[in-house]
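K.L.:
from the sequence below, what's the structure:
(chains A and B)
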Number of protein chains: 2
Amino acid sequence: MGRKPNILITNDDGIHSEGIAALEEGLRDIGEVYVVAPETEMSGASHSLTLARPLRIRQIDERHWTVDGTPTDCVTLALNQILAPDIRPDICASGINHGANLGDDATYSGTVAGAMEATILGVPGVAFSLVANRTWDFTESVRVAREVTIRTLAEGLPSGTLLNVNIPKGFAKGYRVTKQGFKTARPVISEHIDPRGKLYYWIGEVRDGFRAEGGTDFEAIDKGFVSITPMRSDLTNHLAIEEIRNWES
Amino acid sequence: MGRKPNILITNDDGIHSEGIAALEEGLRDIGEVYVVAPETEMSGASHSLTLARPLRIRQIDERHWTVDGTPTDCVTLALNQILAPDIRPDICASGINHGANLGDDATYSGTVAGAMEATILGVPGVAFSLVANRTWDFTESVRVAREVTIRTLAEGLPSGTLLNVNIPKGFAKGYRVTKQGFKTARPVISEHIDPRGKLYYWIGEVRDGFRAEGGTDFEAIDKGFVSITPMRSDLTNHLAIEEIRNWES
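P.N.:
Residues are numbered from 1 along each chain as shown, chains lettered A, B, ... in the order given. This next block holds a predicted model:
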């Protein structure tokens, strides 16, 4: 491309997370890195776009901005306001998420949504998540993020496609191209009483309850591989179209 | 089923919206109706799940509850806390949304996400949206919602499938089973100055910029039909898996 590539970085754990710092550090020598990330943690933000209220952009320095919104807000504002029209990213890297985005949990994920929004707006998006909890060592994730970013910049991605990359704990055996699996477990709701005697509820995250088989992301991680799932912003169940075709009238 | 079916209703415009009142009124004689909806407007909430803070449930009467969260929060709490274990919905109807959920806008939609969350939790989900703006006449939408709900209760849906139903303005010519289309337009960001002289930004909704062709939801609406798109909580671009298979190592 005759110049250093422009790399937009976002995440859903917020600009102060370890994962985004590791990602920025890892990609810094590959291109010109710009970070536009949520001011605060936005886990579970999904592909939500803030329409009902205004948004504030805070510039930290010439390469870093925060937005008081979701990862999708960050990418939309980065590409249409903050960096436009002078800087056009060649890739958007989202993460590194503190925790897995496997199976249908990907549909709740702000990390995946950041990459999806970039893809919708014509910039190849890649989401990175470290499949761990409690202890975070991003060394291997950074190595994977570098390899995937370099390859995406060199080869591009299939039209309309983003990559959902999940990295196992410890040393990865290699890469597997996977399809999204499905959870089987239900969320656990905890009921508590606040200091004023009123009930409140907290939705718990479900960390297990899946079948690691059939070429899924779960299977790749279970066997110690990096999982790369090509995704798109299409929710159609194409196989079901003919099944319900007789509903037409 | 030997008893009146249980119908869970939710939406993303909030419990005080006209659309949810119309839907409840329309489905009341089909089954036992329970409404669990966001306290306030949650448009664009997507499939976001509130994990970083507690949630409050407010019971209005024996059939109505609000949650200070997203449509996904409402459905999760309805099925795992509010109605459980005594009442198990046979269907979850989400809407009627004030505005279209066509093309990749479906991925931002709280209305679609409410139906998706129900489907993930094993209850058939159907999302209803009226393709209009400014003036709202829900008469035809209610007729469609009744027909689709009755048929879904009678025949069920393909495994793991929800329906994204968009209803045109005025009288619908019939039903088309469609696939999700894709927008071509970009969001418009407005920049404003607040009373204290500080900049703020507002993400505008894009209401056009699509091709009404190829069996898409856009095409059905453009031709005056109700669009029924079967969807699932799977973001995999299955066609791209073989395209990037050589990334494996």
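K.L.:
which neighbouring elements make contact with the longest helix seen in chain A?
P.N.:
Ranked by number of residues, the top helix in chain A under DSSP state H is helix A:139-155. Applying 3 or more C-beta pairs under 8 Å, 6 or more residues apart in numbering or on different chains; DSSP states H and E, one finds that helix A:139-155 contacts helix A:18-27, strand A:91-98, strand A:125-131, strand A:162-168. C-beta: built from backbone N, CA, C; applies to glycine.
K.L.:
for the longest one, which positions count as buried?
P.N.:
Just to be clear, that refers to helix A:18-27. The neighbour-count check on helix A:18-27 (16 or more other C-beta atoms under 10 Å in any protein chain shown) flags A:19-24, A:26-27 as buried.
K.L.:
burial measure for A:Lys4, as a count.
P.N.:
Applying other C-beta atoms under 10 Å in any protein chain shown, we find 12 residues neighbouring A:Lys4.
K.L.:
so who does it touch?
P.N.:
Each residue near A:Lys4 by C-beta atoms under 8 Å, 6 or more residues apart in numbering or on different chains is listed here: A:31-32.
K.L.:
and the residue nearest the centre of chain A, what does it touch?
P.N.:
What sits nearest the mean C-alpha location of chain A, by C-alpha atoms, centre = their mean, is A:Thr111, with 2.3 Å. Neighbouring residues of A:Thr111 by C-beta under 8 Å, 6+ apart: A:11-12, A:71, A:94-95, A:97, A:101, A:127-129.
K.L.:
nearest to chain B among the buried residues of helix A:18-27?
P.N.:
When the buried residues of helix A:18-27 are ranked by distance to chain B (C-beta to the nearest C-beta), A:Gly19 comes first, at 15.7 Å.
K.L.:
ok so, going back, check the buried residues of helix A:18-27 against chain B, which are close?
P.N.:
Contacts with chain B are made by none of the buried residues of helix A:18-27, judged by C-beta under 8 Å from any C-beta of the partner chain.
K.L.:
okay, these in CSV with pLDDT next?
P.N.:
Output for the buried residues of helix A:18-27, formatted as CSV (pLDDT from 0 to 100):
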residue, pLDDT
A:Gly19, 97
A:Ile20, 98
A:Ala21, 98
A:Ala22, 98
A:Leu23, 98
A:Glu24, 98
A:Gly26, 98
A:Leu27, 98
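K.L.:
that older thread, buried residues in the longest helix of chain A?
P.N.:
By neighbour count with 16+ other C-beta under 10 Å, helix A:139-155 contains the buried residues A:140-142, A:144-146, A:148-149, A:151-153.
K.L.:
max pairwise distance over those residues: which two?
P.N.:
Using C-beta to C-beta, those reach their maximum pairwise distance at A:Glu140 and A:Leu153, which is 20.6 Å.
K.L.:
in PDB, list the C-alpha atoms belonging to stretch A:42-49.
P.N.:
Provided in PDB are the C-alpha atoms of stretch A:42-49 (Å, rounded to 0.1, in the frame of the first residue of the first chain):
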ATOM      1  CA  MET A  42     -19.100  -2.000  28.300                       C
ATOM      2  CA  SER A  43     -19.100  -5.900  28.500                       C
ATOM      3  CA  GLY A  44     -22.200  -7.400  27.100                       C
ATOM      4  CA  ALA A  45     -22.900  -4.200  25.100                       C
ATOM      5  CA  SER A  46     -23.500  -6.300  21.900                       C
ATOM      6  CA  HIS A  47     -24.000  -4.300  18.700                       C
ATOM      7  CA  SER A  48     -25.800  -1.500  20.500                       C
ATOM      8  CA  LEU A  49     -25.700   1.900  19.100                       C
END
